[in-house]
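>>> pasting the structure only:
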């Protein structure tokens, strides 16, 4: 099969590799119809990945058709159209069965495309371990593109907003307006936010947030403008969707007393100095971590079916898998209005 394979910094190649095979009776093989590039894939693209392996298939967002199942798979059958959760668990413990892969009792929590241990989804086919819980039928009233966004990006955005303690009437700031950040803006409004400040260096992305009803602000001006707009109170809730020291520091500065900061950007810094005295004095809540994708699906499905959330609007490019290297380069450069990059097989 053809797959996007990682060979080093900015070296993604569309090449042949072995077709996936069942390795357990609980596995399924899914023929990928569409896959997508996530912002966290850029960490790998830049050479700061999660493994020293090379030549493995990247990517963790995909939808497709089941073409083979192990004898222990009971919920899925050949021909089913499924969305594949980026968050992979053992599928047997109470936490995984509840969708909370992060708390997997067997410590089997994983993600596709981080190393050769679990090959990625940016390919013509992918092996799904513990398929009954790590993949799900695409619900009625959900399009292929909407389902693709639910495999990670939208679920992560919703998780980030939920972790920020957004309730009706909350004031919110979203820092970083890539696809996940923009989805977090939309999620905040769906949760009842009274105002959302949308912060990013890229004017075009701020303009997209403004179309959603947010107040667009350049990062450098954000503290002063928000301080003035709130008469010094700052905001109740902050969602950080970048994961670098500067944006995490900014997020902490924007939070009001007893406010909450939720970091969902993949943070890899080993030098960040947390302002513990200020956080203590303000009574801040700080949360950081990854999303257990299936845990968010029950809330998201009816919101998409009703048209309240429209994650497909953030798809900016649809390219064939063979143009995967070009898609990565465009996304990395934020060129040509690049937001969500979708690849077809």
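On my side now, so go ahead. Since the model is a prediction, treat every value here as computed from it, not as a measurement.
>>> ok, now how distant is the residue sitting nearest the centre point of the chain from residue 207?
For the chain, the residue nearest the mean C-alpha position is residue 153 (3.0 Å; CA atoms, centre = their mean). The span separating residue 153 from residue 207 equals 20 Å under the rule CB to CB, to the nearest Å. The way it works is simple: take the backbone N, C-alpha and C, and place the C-beta from them, glycine included.
>>> now the strands for the stretch 201-345 of the chain?
Here the stretch 201-345 of the chain has its strands, by DSSP state E, counting those that start in this stretch, at 215-217, 235-240, 255-263, 285-288, 315-320, 340-344.
>>> Just name the most buried of the ones you listed.
Ranked by mean neighbour count under mean count of other CB atoms under 10 Å, the strands of the stretch 201-345 of the chain are led by strand 235-240, which reaches a mean of 28.
>>> how distant is that one from the center of its chain?
Centroid displacement of strand 235-240 relative to its chain, using CA atoms, centre = their mean, to the nearest Å, is 18 Å.
>>> what angle separates that strand from strand 255-263?
Inter-element angle recorded for strand 235-240 and strand 255-263: 20 degrees (by axes from the mean of the first three to the mean of the last three CA atoms, to 10 degrees).
>>> Need the contact partners of strand 235-240.
For strand 235-240, contacts defined as CB atoms under 8 Å, 6 or more residues apart in numbering pick out 157, 160-161, 164-166, 170-176, 181, 184, 188, 193, 197, 226, 247-248, 251-252, 254-256, 259-265.
>>> Let me see the mean pLDDT of that strand.
Regarding strand 235-240, the rounded mean pLDDT is 98.
>>> got it, and stretch 252-269?
Computed over stretch 252-269, the average pLDDT equals 93.
>>> If any of the contacts of strand 235-240 are buried, give me the ChimeraX selection for them.
Per 16 or more other CB atoms under 10 Å, the buried members of the contacts of strand 235-240 correspond to this ChimeraX selection:
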select :157,160,161,164,165,166,170,171,172,173,174,175,176,181,184,188,193,197,226,247,248,251,252,254,255,256,259,260,261,262,263,264,265
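>>> Looking at the contacts of strand 235-240, which are in helices?
Cross-referencing the contacts of strand 235-240 against helices under DSSP state H gives 157, 160-161, 181, 184, 188, 226, 247-248, 251-252, 254.
>>> Show me the strands in the stretch 51-200 of the chain, by range?
With DSSP E, counting those that start in this stretch as the criterion, the stretch 51-200 of the chain has strands at 61-69, 81-84, 87-88, 110-111, 125-128, 135-137, 171-175, 195-199.
>>> Out of those strands, which is the most enclosed?
Highest mean neighbour count of these: strand 171-175, a mean of 29 (counted as mean count of other CB under 10 Å).
>>> Which parts of this structure belong to which domain?
Per automatic domain parsing, the domain ranges recorded for the chain read 2-152+292-344, 157-288.
>>> low-scoring pLDDT stretches of this protein, where are they?
Applying pLDDT under 70 to the chain flags no residue at all.
>>> which one in it is furthest away from the centre?
Farthest-out residue of the chain from its mean C-alpha position, per CA atoms, centre = their mean: residue 231, at 33.7 Å.
>>> Great, nothing more from me.
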